[in-house]
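Peer 1: quick check, what structure comes out for this input:
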Amino acid sequence: MAKRTGPTNPLLKRTIVAFERKKTNFHRRIAELLSRPTRKRVEVNIWKLNKLCKDGEKVVVPGIVLGTGNLNKRLVVYAWRFSKSAKEKIEKIGGEARRIEALLEEEERPRIIV
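Peer 2: As a prediction, this is how the structure comes out:
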């Protein structure tokens, strides 16, 4: 059985280490979710965010946000990556699509969507 090596993307590795250094349960949980193998990493569609979130809410997607579906709520979404269409839909409605690294500087603890 091959040894698990973790993510090979250098930026992702640095991001995971930065979250682990914060030593809070919130940051460790995000690091744990980002460390998953690619096939098990979180992928959330816009329609799911629309269904689960309230207008004006801040949420974290420790993975990829995809553009399937419609969004009619203004959200601030932190994610590792956004598809082009997902980013356009979030910003078109007046929300914000932010990189997950921005959470390292903020004191807020948005809800994690998995």
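Peer 1: tell me where the chain has helices.
Peer 2: 10-21, 25-34, 46-52, 84-92 (DSSP state H).
Peer 1: in TSV, list these along with distance to residue 105, mean pLDDT and mean neighbour count.
Peer 2: C-betas here are computed from N, CA, C, even on glycine. Formatted as TSV, the helices of the chain follow (distance: least, CB to CB, whole Å; pLDDT from 0 to 100; neighbours: other CB atoms under 10 Å):
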stretch	distance to residue 105	mean pLDDT	mean neighbour count
helix 10-21	10	92	15
helix 25-34	12	94	17
helix 46-52	23	95	16
helix 84-92	20	95	16
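Peer 1: and these: which comes nearest residue 101?
Peer 2: For residue 101, the closest of those is helix 10-21, at 5.8 Å, according to CB to CB.
Peer 1: make sure residue 100 is actually in contact with residue 62.
Peer 2: Yes. Judged on CB atoms under 8 Å, residue 100 makes contact with residue 62 at a distance of 6.7 Å.
Peer 1: now for those two: what residues contact both?
Peer 2: 30, 34, 79, 80 (CB atoms under 8 Å, 6 or more residues apart in numbering).
Peer 1: rewinding a little: could the helices of the chain go into CSV alongside distance to residue 111?
Peer 2: Converted to CSV, the helices of the chain look like this (distance: least, CB to CB, whole Å):
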stretch, distance to residue 111
helix 10-21, 16
helix 25-34, 10
helix 46-52, 9
helix 84-92, 16
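Peer 1: follow-up on the earlier one: more neighbours: which of residue 100 and residue 62?
Peer 2: residue 62 (26 against 20; other CB atoms under 10 Å).
Peer 1: now that one. Nearest residue, chain neighbours left out?
Peer 2: Leaving aside its sequence neighbours, residue 62 sits nearest to residue 33 (CB to CB, 6 or more residues apart in numbering; 3.8 Å).
Peer 1: and of the helices of the chain, who's closest to residue 113?
Peer 2: helix 46-52 (6.3 Å).
Peer 1: list the helices and strands that closest one packs on?
Peer 2: On a contact count with 3 or more CB pairs under 8 Å, 6 or more residues apart in numbering; DSSP states H and E, helix 46-52 meets strand 58-66, helix 84-92.
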